[in-house]
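K.L.:
Coordinates for the following, if possible.
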Amino acid sequence: MPRTDPATPATGGPGPADELLDHISQHDGPDYRRLRGLQEEFAEHNVLQVYSRDEIRSGGKRYFPPLPVPMLMPDEEYRRLRYSATLLESVVPTLSNRLFGGMGPTMDLLAVPPALRPYIELEIPLGVSASRHDHLPGDRGWMLVETNANSLGLTDVDDYNRLVRGNGLLSRFLTRRAFTADCPMDLIARAALAKCAGLPVDGTPTVALVDWRAYLEASRYDHDRRAARYRRNGFDTVICHPEELRYERGRLWYGARPVHVVHRHFLLEDMIEDPEPARAVTEAAAEASVVMVSPYLDEWLTNKAVFALLHEARALGLLDAAAGALVEETIPRTWLVARDAPPDARFIVRPEDVPPLPVAELVTKPLIGSMGAGVVFGAHVGAEDFHGTVTADVAAGRPRIVQEVIPASARPVPRLCAEGLRTFPGQPHPSLFVVDGAARAMAVRTYDGERAGACKLGGEVFVGGVWYPRPALDPTDGGC
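P.N.:
Model prediction:
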């Protein structure tokens, strides 16, 4: 197994994570037989993988090793993350009105293509909002890296958590300490099922997992896993591209089968050139004939400019004290760089007004793009190329953001090596899922080393579940 140095034996200290490592050391023996058996089960069941076992074995697709033990989130930290996510989910939809008096001026500033504007403004009566808040450790605690609200990864973390529950070594400790974990896909499916109550459903409702034709086969394994979770929650499923659906007689159809829920995987950015294939889905959702998981507006509200708008609203005193403090403490300073930036704004600037910070401390990202496309770290290109990229895009009518890189703050991460259970410096990247305003389920990616904020640039990536104390849940949350 690849290793980073120095490696430290996994012995205890304060906190639940250290207590878990002590528990394992005391009860699993020097060979870590039960923990190694769990690793074998993770591999056998291909937990949290993007690709199938056959694709990994024969096609050279990447395997993401599961963490040997789940990440344990202390009660105080978990409460804080939930509070932050819930507060932001309530504030972000109000930013356009607070700053610019409406959506139209905001979309003008962000240069939203005309083809997308009707979709962003469209009211979806039966929408299920599902977003993921991603964090990195900073010198003042967990910092928010970004939010996403469509085609979310890590939603089926229950494959991992289920095997952890079945491992006597770990389950005894987690039960004794009253730690629990939830599955994001289950929360999404239950919310969708509840919103089917007013639809004409004869028998079992059907959910269509919908993606563009070009991506459907490439992501087939991922779609199959999500479909399986929906079936476990009381749905029939189909996987299709938008053109296979039609809207007639007040219902959405896949062949002769009525569709009651659309889990939308296709992105707004892919509709710039030709939104026509999504017409049937859109009409059905607008007329409350189908439930849509991830309405268009929700996706747009997680665009990369939102952090800059939050900081601008804070600077102008448009947020209350709690929201303002949250933005200042947990969101890296971010500037929206746009051709028509207001002259008196602090976090909405023209290219020549980008703060003169060392470029090694900055990253720039396009407003439209996914999977890291167009992201430039100043530390990798130098000042001239960094500012040149920003200036050229803005001059071409493509606003960008410039953001402070989160300073590295590595944490000890357990790894199961040939020598036994050891901890290595790494950057946990825990994600908190918010479904219809309720923040609860979590998963984590962990990156090797201590590179500040540059976590997607290579090196080993580990995946796993995040467990948290059951008392941290509000009584109204229910449970999984």
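
K.L.:
Quick one: residues contacting Arg165.
P.N.:
Taking C-beta atoms under 8 Å, 6 or more residues apart in numbering as the contact definition, Arg165 lies against 171, 174. To be clear about C-beta, it is placed using only N, CA and C from the backbone, and glycine gets the same treatment.

K.L.:
now do 6 Å
P.N.:
By C-beta atoms under 6 Å, 6 or more residues apart in numbering, Arg165 lies in contact with Ser171.

K.L.:
For Ile188, see how far away it is.
P.N.:
Distance, Arg165 to Ile188, using C-beta to C-beta, to the nearest Å: 21 Å.

K.L.:
Past the longest strand along the chain, which element shows up next along the chain?
P.N.:
As far as residue count goes, and with DSSP state E defining each element, the longest strand of the chain is strand 420-435. On the C-terminal side of strand 420-435, the closest following helix or strand by DSSP states H and E is strand 438-448.

K.L.:
Off-centre distance for that following strand?
P.N.:
Taking the mean of its C-alpha atoms, strand 438-448 sits 8 Å from the chain's own mean (C-alpha atoms, centre = their mean, to the nearest Å).

K.L.:
List of residues touching it?
P.N.:
Defining contact as C-beta under 6 Å, 6+ apart, one finds that strand 438-448 is touched by 4, 71, 82, 85-86, 154, 157, 182, 184, 187, 413, 426-433, 455, 459-464, 466.

K.L.:
Which of those residues fall in helices?
P.N.:
Within those, residues falling in helices by DSSP state H are 82, 85-86, 184, 187.

K.L.:
Mind putting the residues you listed into a markdown table with pLDDT, neighbour count and distance to Glu55?
P.N.:
Putting those into a markdown table (pLDDT from 0 to 100; neighbours: other C-beta atoms under 10 Å; distance: C-beta to C-beta, whole Å) gives the following:
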| residue | pLDDT | neighbour count | distance to Glu55 |
| --- | --- | --- | --- |
| Arg82 | 95 | 23 | 36 |
| Ala85 | 95 | 23 | 33 |
| Thr86 | 94 | 15 | 38 |
| Pro184 | 94 | 26 | 23 |
| Leu187 | 95 | 24 | 28 |
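
K.L.:
can you name the two of those residues that are farthest apart?
P.N.:
Largest separation among these by C-beta to C-beta: Thr86 and Pro184, giving 15.6 Å.

K.L.:
Find the helix or strand that the residue nearest the centre of the chain is a member of.
P.N.:
For the chain, the residue whose C-alpha lies nearest the mean C-alpha position (C-alpha atoms, centre = their mean) is Arg132; its distance is 3.3 Å. Under the assignment given by DSSP H and E, the secondary-structure element containing Arg132 is strand 130-138.

K.L.:
next structured bit after that strand?
P.N.:
The C-terminal neighbour of strand 130-138 among helices and strands, as given by DSSP H and E, is strand 141-148.

K.L.:
strands paired with that next one, and their directions?
P.N.:
For strand 141-148, the paired strands and their directions (DSSP bridges) read strand 130-138 (antiparallel).
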